[in-house]
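In: Give me a model of this one.
(one chain, ligands or ions: 2)
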Amino acid sequence: MPRIKIAPSILSANLKKVNEEIKEVEKYSDLIHVDIMDGIFVPPTTIDAKFVKKIKTKVPLDVHLMVHEPSHSYIKEFIDAGAPSITIHEEACKNPAEQINFIRRNNAKAAISIKPNTPIEKIKNYLGMVDMVLVMTVEPGWAGQKFIDSTMLKVRELRKLKRNIDIEVDGGINPYTARIAFEAGANVFVAGSAIFGKKERVAAIKEILKGLK
Ligand code: DX5
Ligand code: ZN
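Out: Ligands and ions are numbered 1, 2, ... in the order given. Have a look, this model is predicted:
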(Lines give C-alpha, C1' and ligand atoms only; values in the text may rest on other atoms or scores of the structure.)
(Ligands and ions follow the chains in the order given, each with its own letter.)
Protein backbone atom coordinates (compact mmCIF):
# COMPACT_ATOMS: atom_id res chain seq x y z
CA MET A 1 0.00 0.00 0.00
CA PRO A 2 1.27 3.53 -0.72
CA ARG A 3 2.43 5.84 2.04
CA ILE A 4 -0.03 7.24 4.60
CA LYS A 5 -0.88 10.89 3.98
CA ILE A 6 -2.74 13.34 6.20
CA ALA A 7 -4.67 16.13 4.49
CA PRO A 8 -6.25 18.72 6.81
CA SER A 9 -9.22 20.38 5.10
CA ILE A 10 -9.24 24.17 5.37
CA LEU A 11 -13.03 24.15 5.03
CA SER A 12 -13.03 23.99 8.83
CA ALA A 13 -10.23 26.54 9.30
CA ASN A 14 -10.57 30.26 9.95
CA LEU A 15 -10.12 31.53 6.39
CA LYS A 16 -9.42 35.07 7.59
CA LYS A 17 -6.07 33.78 8.78
CA VAL A 18 -5.72 30.74 6.60
CA ASN A 19 -1.92 30.95 6.23
CA GLU A 20 -1.48 31.07 10.00
CA GLU A 21 -3.85 28.17 10.42
CA ILE A 22 -1.97 26.11 7.85
CA LYS A 23 1.37 26.97 9.47
CA GLU A 24 0.17 25.35 12.64
CA VAL A 25 -0.35 21.95 10.97
CA GLU A 26 2.27 22.14 8.20
CA LYS A 27 4.85 19.95 9.84
CA TYR A 28 2.43 17.09 10.24
CA SER A 29 0.55 17.43 6.96
CA ASP A 30 1.29 15.72 3.66
CA LEU A 31 -1.33 17.66 1.73
CA ILE A 32 -3.59 20.63 2.41
CA HIS A 33 -7.11 19.78 1.24
CA VAL A 34 -8.92 22.65 -0.45
CA ASP A 35 -12.67 22.27 -1.06
CA ILE A 36 -14.13 24.17 -3.97
CA MET A 37 -17.95 24.25 -4.15
CA ASP A 38 -19.95 25.89 -6.92
CA GLY A 39 -23.51 26.10 -5.57
CA ILE A 40 -24.64 23.75 -8.38
CA PHE A 41 -22.97 20.37 -7.92
CA VAL A 42 -23.36 21.00 -4.19
CA PRO A 43 -25.55 23.70 -2.63
CA PRO A 44 -22.85 25.78 -0.86
CA THR A 45 -20.23 27.94 -2.51
CA THR A 46 -16.73 28.35 -1.16
CA ILE A 47 -13.46 29.98 -2.11
CA ASP A 48 -12.15 30.49 -5.66
CA ALA A 49 -8.80 30.28 -7.44
CA LYS A 50 -7.94 33.85 -6.43
CA PHE A 51 -8.14 32.80 -2.81
CA VAL A 52 -6.09 29.66 -3.49
CA LYS A 53 -3.38 31.82 -5.01
CA LYS A 54 -3.00 33.59 -1.68
CA ILE A 55 -2.35 30.38 0.22
CA LYS A 56 1.30 30.25 1.17
CA THR A 57 2.59 26.85 2.19
CA LYS A 58 5.24 24.37 1.21
CA VAL A 59 2.74 21.54 1.61
CA PRO A 60 1.14 20.54 -1.72
CA LEU A 61 -2.46 21.66 -2.18
CA ASP A 62 -5.04 18.98 -2.86
CA VAL A 63 -7.87 20.77 -4.68
CA HIS A 64 -11.24 18.98 -4.52
CA LEU A 65 -13.54 20.41 -7.17
CA MET A 66 -17.17 19.91 -6.20
CA VAL A 67 -18.06 21.69 -9.38
CA HIS A 68 -20.47 20.88 -12.21
CA GLU A 69 -18.69 20.58 -15.58
CA PRO A 70 -15.61 22.66 -14.75
CA SER A 71 -14.25 24.25 -17.92
CA HIS A 72 -10.63 23.90 -18.93
CA SER A 73 -9.93 27.53 -18.14
CA TYR A 74 -11.56 27.12 -14.72
CA ILE A 75 -9.41 24.08 -13.93
CA LYS A 76 -6.32 25.84 -15.26
CA GLU A 77 -6.88 28.75 -12.86
CA PHE A 78 -6.34 26.41 -9.92
CA ILE A 79 -3.23 24.85 -11.44
CA ASP A 80 -1.86 28.34 -12.13
CA ALA A 81 -2.73 29.31 -8.55
CA GLY A 82 -0.27 26.66 -7.39
CA ALA A 83 -2.31 23.49 -7.00
CA PRO A 84 -0.27 20.44 -8.02
CA SER A 85 -3.25 18.10 -7.73
CA ILE A 86 -6.84 18.43 -8.92
CA THR A 87 -9.76 16.13 -8.11
CA ILE A 88 -12.87 16.12 -10.28
CA HIS A 89 -16.15 14.32 -9.58
CA GLU A 90 -17.33 11.51 -11.85
CA GLU A 91 -20.93 12.67 -11.35
CA ALA A 92 -20.11 16.24 -12.35
CA CYS A 93 -18.46 15.59 -15.72
CA LYS A 94 -19.87 14.27 -18.97
CA ASN A 95 -16.41 13.20 -20.07
CA PRO A 96 -14.15 12.59 -17.07
CA ALA A 97 -11.38 11.07 -19.23
CA GLU A 98 -11.07 14.27 -21.17
CA GLN A 99 -10.87 16.32 -17.96
CA ILE A 100 -8.25 13.98 -16.50
CA ASN A 101 -6.16 14.28 -19.65
CA PHE A 102 -6.41 18.04 -19.54
CA ILE A 103 -5.22 18.16 -15.92
CA ARG A 104 -2.27 15.87 -16.69
CA ARG A 105 -1.32 17.78 -19.82
CA ASN A 106 -0.98 20.80 -17.56
CA ASN A 107 1.47 18.96 -15.34
CA ALA A 108 -0.80 18.44 -12.39
CA LYS A 109 -1.80 15.19 -10.73
CA ALA A 110 -5.34 14.11 -11.47
CA ALA A 111 -7.81 12.38 -9.21
CA ILE A 112 -11.39 11.24 -9.63
CA SER A 113 -13.97 11.25 -6.87
CA ILE A 114 -17.20 9.37 -6.31
CA LYS A 115 -20.07 10.22 -3.98
CA PRO A 116 -21.29 7.60 -1.46
CA ASN A 117 -23.93 6.19 -3.83
CA THR A 118 -21.78 6.03 -6.96
CA PRO A 119 -20.47 2.52 -7.64
CA ILE A 120 -16.85 2.01 -8.60
CA GLU A 121 -17.93 0.53 -11.95
CA LYS A 122 -18.44 4.15 -13.00
CA ILE A 123 -14.73 4.91 -12.65
CA LYS A 124 -13.16 1.60 -13.65
CA ASN A 125 -12.16 2.97 -17.05
CA TYR A 126 -10.25 5.83 -15.47
CA LEU A 127 -8.28 3.94 -12.86
CA GLY A 128 -5.27 3.62 -15.14
CA MET A 129 -5.25 7.36 -15.84
CA VAL A 130 -5.39 8.87 -12.36
CA ASP A 131 -2.94 9.31 -9.49
CA MET A 132 -5.62 9.06 -6.85
CA VAL A 133 -9.23 8.07 -6.27
CA LEU A 134 -11.26 10.00 -3.71
CA VAL A 135 -14.00 7.93 -2.13
CA MET A 136 -16.37 10.36 -0.44
CA THR A 137 -17.36 9.03 2.95
CA VAL A 138 -20.17 11.60 3.32
CA GLU A 139 -22.37 13.40 0.79
CA PRO A 140 -20.18 16.24 -0.45
CA GLY A 141 -21.05 19.79 0.57
CA TRP A 142 -20.52 20.21 4.29
CA ALA A 143 -17.99 19.57 7.01
CA GLY A 144 -18.92 17.85 10.24
CA GLN A 145 -21.12 15.06 8.83
CA LYS A 146 -21.21 11.44 9.92
CA PHE A 147 -18.96 8.91 8.19
CA ILE A 148 -20.95 6.46 6.01
CA ASP A 149 -19.67 2.95 6.75
CA SER A 150 -20.99 1.34 3.57
CA THR A 151 -18.47 3.35 1.50
CA MET A 152 -15.78 1.05 2.89
CA LEU A 153 -16.92 -1.73 0.55
CA LYS A 154 -15.77 0.46 -2.33
CA VAL A 155 -12.44 1.24 -0.70
CA ARG A 156 -11.86 -2.49 -0.19
CA GLU A 157 -12.73 -3.31 -3.77
CA LEU A 158 -10.60 -0.49 -5.15
CA ARG A 159 -7.58 -1.53 -3.10
CA LYS A 160 -7.94 -5.06 -4.48
CA LEU A 161 -7.95 -3.68 -8.01
CA LYS A 162 -5.11 -1.19 -7.50
CA ARG A 163 -2.40 -1.97 -4.98
CA ASN A 164 -0.36 1.15 -5.62
CA ILE A 165 -2.85 3.92 -6.24
CA ASP A 166 -3.59 6.60 -3.64
CA ILE A 167 -7.05 6.06 -2.16
CA GLU A 168 -8.32 9.13 -0.34
CA VAL A 169 -11.24 9.25 2.07
CA ASP A 170 -13.03 12.50 2.85
CA GLY A 171 -15.88 13.19 5.25
CA GLY A 172 -16.39 12.34 8.89
CA ILE A 173 -12.79 11.22 9.32
CA ASN A 174 -11.61 11.13 12.95
CA PRO A 175 -9.20 8.81 14.78
CA TYR A 176 -11.85 6.09 14.94
CA THR A 177 -13.13 6.22 11.34
CA ALA A 178 -9.64 6.78 9.92
CA ARG A 179 -8.67 3.43 11.39
CA ILE A 180 -11.70 1.78 9.75
CA ALA A 181 -10.81 3.33 6.39
CA PHE A 182 -7.16 2.37 6.80
CA GLU A 183 -8.11 -1.26 7.39
CA ALA A 184 -10.25 -1.15 4.25
CA GLY A 185 -7.25 0.07 2.23
CA ALA A 186 -7.35 3.88 2.25
CA ASN A 187 -4.02 5.72 2.60
CA VAL A 188 -4.93 9.43 2.24
CA PHE A 189 -7.00 10.89 5.06
CA VAL A 190 -8.80 14.22 4.78
CA ALA A 191 -10.06 15.72 8.01
CA GLY A 192 -11.71 19.09 8.55
CA SER A 193 -13.52 19.30 11.86
CA ALA A 194 -11.36 16.59 13.46
CA ILE A 195 -8.29 18.83 12.94
CA PHE A 196 -9.18 22.50 12.43
CA GLY A 197 -12.25 22.13 14.63
CA LYS A 198 -9.95 21.26 17.51
CA LYS A 199 -7.90 23.58 19.69
CA GLU A 200 -4.81 21.40 19.62
CA ARG A 201 -4.44 20.64 15.94
CA VAL A 202 -1.09 18.87 16.07
CA ALA A 203 -2.33 16.63 18.87
CA ALA A 204 -5.43 15.90 16.76
CA ILE A 205 -3.28 14.80 13.81
CA LYS A 206 -1.11 12.65 16.06
CA GLU A 207 -4.24 11.02 17.44
CA ILE A 208 -5.37 10.12 13.90
CA LEU A 209 -1.89 8.84 12.99
CA LYS A 210 -1.79 6.58 16.06
CA GLY A 211 -4.40 4.30 14.56
CA LEU A 212 -2.77 4.06 11.14
CA LYS A 213 -0.15 1.45 11.84
C1 DX5 B 1 -17.10 17.90 2.30
C2 DX5 B 1 -15.68 18.22 1.96
C3 DX5 B 1 -14.73 17.78 2.99
C4 DX5 B 1 -14.91 18.44 4.34
C5 DX5 B 1 -14.69 17.36 5.37
O6 DX5 B 1 -17.88 17.94 1.20
O7 DX5 B 1 -15.30 17.59 0.75
O8 DX5 B 1 -13.39 17.91 2.56
O9 DX5 B 1 -14.00 19.48 4.57
O10 DX5 B 1 -15.01 17.83 6.63
P11 DX5 B 1 -15.09 16.86 7.88
O12 DX5 B 1 -13.75 16.24 8.03
O13 DX5 B 1 -15.47 17.75 8.99
O14 DX5 B 1 -16.16 15.83 7.57
ZN1 ZN C 1 -13.16 17.58 0.23
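
In: so which helix or strand takes in Asn189?
Out: You called it Asn, but residue 189 is Phe. Secondary structure from DSSP states H and E places Phe189 in strand 188-191.

In: Check which strands are paired with that strand and give the direction for each one.
Out: Using DSSP bridges, strand 188-191 pairs in its sheet with strand 5-8 (parallel), strand 166-170 (parallel).

In: Could you see whether ligand 1 lies near it?
Out: Yes - for strand 188-191, a contact with ligand 1 is found by CB under 6 Å from any ligand atom, at Val190, Ala191. All C-beta atoms are positioned from the backbone trio N, CA, C, and that covers glycine.

In: Pull the distance from the one helix or strand Ala203 maps to to the chain's centre.
Out: For Ala203, the enclosing helix or strand under DSSP H and E is helix 201-210. Distance of helix 201-210 from the chain centroid (CA atoms, centre = their mean, to the nearest Å) equals 18 Å.

In: contacts for it?
Out: 4, 6, 8, 24-25, 27-29, 173-175, 178, 189, 191, 194-195, 198 (CB atoms under 8 Å, 6 or more residues apart in numbering).

In: Would that helix count as contacting ligand 1?
Out: No - judged by CB under 6 Å from any ligand atom, helix 201-210 stays clear of ligand 1, getting no closer than 10.6 Å.

In: Look up the closest residue to Gly144, ignoring the ones flanking it.
Out: Ser193 (4.7 Å; CB to CB, 6 or more residues apart in numbering).

In: what about the one you found, neighbour count?
Out: Close neighbours of Ser193, defined as other CB atoms under 10 Å, add up to 18.

In: List the buried residues in the helix holding Ala203.
Out: For helix 201-210, a neighbour-count test (16 or more other CB atoms under 10 Å) marks Arg201, Ala204, Ile205, Glu207, Ile208 as buried.

In: returning to that earlier point: ok, and which of the strands paired with strand 188-191 has the densest surroundings?
Out: strand 166-170 (a mean of 26; mean count of other CB atoms under 10 Å).

In: Kind regards, and thank you for your time.
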